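Visitor: Next one to model:
(one chain, ligands or ions: 3)
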Amino acid sequence: MKLDKKDLLLYAITDRSWLNGMTMEEQLKEAITGGATIVQIREKNMNYSDFLEEAKSLYKICKSSNIPFIVNDNIDIAREINADGIHVGQEDMDAKDVRAIIGDKMILGVSASTVEEAIKAEKNGADYLGVGAVFSTSTKKDADSVSYEELKKICDAVSIPVVAIGGITYDNMDVLKDSGICGISVISAIFAQNDIRKATENLKNKSEKLFKYHKMPVALTIAGSDSSGGAGIQADIKTMTVHGVFAESAITALTAQNTTGVMSVFESSPEFLSEQLDSVFSDIYPNAVKIGMVSSCNLIHVISEKLREYNAKNIVVDPVMISTSGSRLIEEDAIKTLKEELFPLASVLTPNIPEAEVISGIEIKSTEDMIKASKIIGDNFKCAVLCKGGHSINDANDLLYSNGEFRWFYGKRIENNNTHGTGCTLSSAIASNLAKGKNLEMSVLEAKNYISGALSYMLDLGKGSGPMNHAFSVHGEYK
Ligand SMILES: Cc1ncc(COP(=O)(O)OP(=O)(O)O)c(N)n1
Ligand SMILES: Cc1ncsc1CCOP(=O)(O)O
Ligand SMILES: [Mg+2]
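Guide: Ligands and ions are numbered 1, 2, ... in the order given. Okay, the predicted model is just below:
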């Protein structure tokens, strides 16, 4: 079953501690009538056969109301009754192993209380996260406590939906409003209440108001438009979008180009670029910025001034100089200005071999030269450098020089001549991952995997070096 994030608005978790003369079935029916949107059976002290019987019975109730039914902890029971999903905590089974056993069809929920746990759970195949305890609770005394700030960071760092859990009541849930959660998960606020139906109804009505809107990480691309759609602004926006990041743009130039070359360039005026940057930074502040084609000194002045004025973070500079089709995309004197004004602001620079030669001033003929050039660039501009390997030196292996350390990223060599926009796409993928709160190494690693996927689709468009399929993961099958 595919999880819709609206399903997580009000997540009811069963507990026999407060049966109060009712059966679990009766209580559950009340909660569902009151508006619970998803149900989890949580039995900590039951033998297997009783757990199984109860799971079957509660599952039937949920199915008759078309509500997803999740089993806590017990993967065997989840599989035996063909539940919609399973929820595991950090102390239970490893999420990766659970995913391998349950396959793609079943929902996997994972508990997380830190950004690291959340990112790992997403990577290991979780469909949603339960994050808590956000308030103190006597229902689970050993639960870690999670601050509002950490909850917010977790929501920003992952693309999968998050529910908050732990000590949530009708009266305290308002403070969770802008954290980025999709809903709340409760036990006692439903099952310990005298009127379960009314209590659920109240929680549901408030959840609908509080969690109707969603936040998402934001990345800004400052680059040129590519009319053919494979590179530049268009590639950046597609890449950021499929990464679950909201894309903003400030356009430095319009180019008339296709896969065979660049016919003409119409540059934005410095004033107009400045207005675009003011508009973006003063309203939807980006979590990361990617900078691509900037062809003249005046535009570089504007960008560096605005990045400083707005204290921009996670700046990825792709020093675009020559297009894949061989057209020059920067004026000679602008390279000097790039070095003086923009590179020192970068978190990471992503030159290819010819660009690294121009920036470092040395010829690159071997992997040792790549190491030397990256060190010269990184030490000079006090930023990290991802020097992208090329045909002549190695296949698809890139070198990251960061904080005085080198790390090679080994890429899969893909026999595909359609490489239009690979540089733009890689730097946008890195910016997207940084916007989501990932560290630089993880951002580079995942960006490289993304490029491999986009190239492996073997999209065949245009008469020259064609574009990749940025949305390969949305379109399913690829080689
Ligand atoms: C939705 C949701 N979130 C978190 C939990 C807690 O799971 P876990 O950490 O494994 O603790 P137990 O519930 O097993 O005690 C959950 N069950 N559901
Ligand atoms: C299962 C769980 N995981 C973290 S806190 C918690 C208990 C939630 O129960 P309540 O809503 O009664 O605080
Ligand atoms: Mg558990």
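Visitor: For the protein, which residues are neighbours of ligand 3?
Guide: Proximity of the chain to ligand 3 is confined to D73, G89, D92 under the rule C-beta under 5 Å from the ion. Every residue, glycine included, has its C-beta placed from N, CA and C.
Visitor: Swap in 6 Å and give it another go.
Guide: Residues of the chain lying close to ligand 3 by C-beta under 6 Å from the ion are N72, D73, V88, G89, D92.
Visitor: quick one: which of those sit in strands?
Guide: Among the residues of the chain next to ligand 3, the members falling in strands (DSSP state E) are N72, V88.
Visitor: which of the residues of the chain next to ligand 3 tops the neighbour count?
Guide: Ranked by neighbour count under the definition other C-beta atoms under 10 Å, these are headed by V88 with 24 neighbours.
Visitor: Can you tell me which residues in this structure are near ligand 2?
Guide: Proximity of the chain to ligand 2, by C-beta under 6 Å from any ligand atom, involves residues 132-133, 137, 139-140, 143, 165-168, 186-189.
Visitor: Could you check which helix or strand contains the residue of the stretch 101-250 of the chain found nearest ligand 1?
Guide: Nearest residue of the stretch 101-250 of the chain to ligand 1: G130, at 1.9 Å (C-beta to the nearest ligand atom). Element membership for G130, per DSSP states H and E: strand 128-132.
Visitor: other SSEs contacting that strand?
Guide: Helices and strands touching strand 128-132, by 3 or more C-beta pairs under 8 Å, 6 or more residues apart in numbering; DSSP states H and E, are strand 107-112, helix 115-123, helix 148-157, strand 162-165.
Visitor: Could you export those as TSV, including distance to ligand 1?
Guide: Shown next, in TSV, are these (distance: least, C-beta to the nearest ligand atom, whole Å):
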stretch	distance to ligand 1
strand 107-112	3
helix 115-123	10
helix 148-157	12
strand 162-165	4
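Visitor: Could you measure from L28 over to ligand 2?
Guide: Distance of L28 to ligand 2, computed by C-beta to the nearest ligand atom, to the nearest Å: 16 Å.
Visitor: Need the pLDDT of that residue.
Guide: In this model, L28 is scored at 98, pLDDT.
Visitor: same thing with the one 3 residues further on?
Guide: According to the prediction, A31 has pLDDT 98.
Visitor: export the helix or strand hosting it as PDB, just CAs?
Guide: If you go by DSSP H and E, A31 is part of helix 24-34. In PDB, the C-alpha atoms belonging to helix 24-34 read as follows (Å, rounded to 0.1, in the frame of the first residue of the first chain):
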ATOM      1  CA  MET A  24     -10.000  -3.000  22.200                       C
ATOM      2  CA  GLU A  25     -12.300  -3.500  19.200                       C
ATOM      3  CA  GLU A  26     -14.900  -1.200  20.700                       C
ATOM      4  CA  GLN A  27     -12.400   1.500  21.500                       C
ATOM      5  CA  LEU A  28     -10.900   1.300  18.100                       C
ATOM      6  CA  LYS A  29     -14.300   1.700  16.400                       C
ATOM      7  CA  GLU A  30     -14.800   4.900  18.500                       C
ATOM      8  CA  ALA A  31     -11.400   6.300  17.500                       C
ATOM      9  CA  ILE A  32     -12.100   5.600  13.800                       C
ATOM     10  CA  THR A  33     -15.500   7.200  14.000                       C
ATOM     11  CA  GLY A  34     -13.900  10.200  15.600                       C
END
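Visitor: And the contacts of it?
Guide: 12, 14, 16, 19, 39, 54, 57-58, 61-62, 65, 67, 190-191, 196-201, 203-204 (C-beta atoms under 8 Å, 6 or more residues apart in numbering).
Visitor: ok, the residue of the stretch 101-250 of the chain closest to ligand 1 - how many residues close by?
Guide: Residues lying near G130 (other C-beta under 10 Å) number 26.
Visitor: three-state assignment of the residue in the stretch 351-479 of the chain that ligand 3 sits nearest to?
Guide: Scanning the stretch 351-479 of the chain for the residue nearest ligand 3 gives G437, at 25.0 Å (criterion: C-beta to the ion). Of the three states, G437 takes coil according to DSSP: H, G, I helix; E, B strand; the rest coil.
Visitor: Now it. Nearest residue, chain neighbours left out?
Guide: Spatial nearest neighbour of G437, excluding adjacent residues (C-beta to C-beta, 6 or more residues apart in numbering): A157 at 3.4 Å.
Visitor: and the closest residue to ligand 3 within the chain, what does it touch?
Guide: Here the chain gets closest to ligand 3 at one residue, G89, 3.5 Å apart by C-beta to the ion. Applying C-beta under 8 Å, 6+ apart, we find G89 in contact with D73, V110, S111.
Visitor: could you measure the first one against ligand 2, distance?
Guide: Yep, that's D73 we're talking about. 10 Å.
Visitor: Let me see the backbone angles for the residue lying closest to that residue once chain neighbours are set aside.
Guide: Once flanking residues are discounted, D73 sits nearest to D92: 5.6 Å by C-beta to C-beta, 6+ apart. Backbone torsions of D92, given as degrees, to the nearest 10, read phi -90, psi -140.
Visitor: do the same with G261
Guide: With angles defined as degrees, to the nearest 10, G261 sits at phi 160, psi 180.
Visitor: Likewise for D283?
Guide: Note on D283: backbone dihedrals following degrees, to the nearest 10 are phi -120, psi -70.
Visitor: Just give the number of residues close to it.
Guide: If you count neighbours by other C-beta under 10 Å, D283 ends up with 8.
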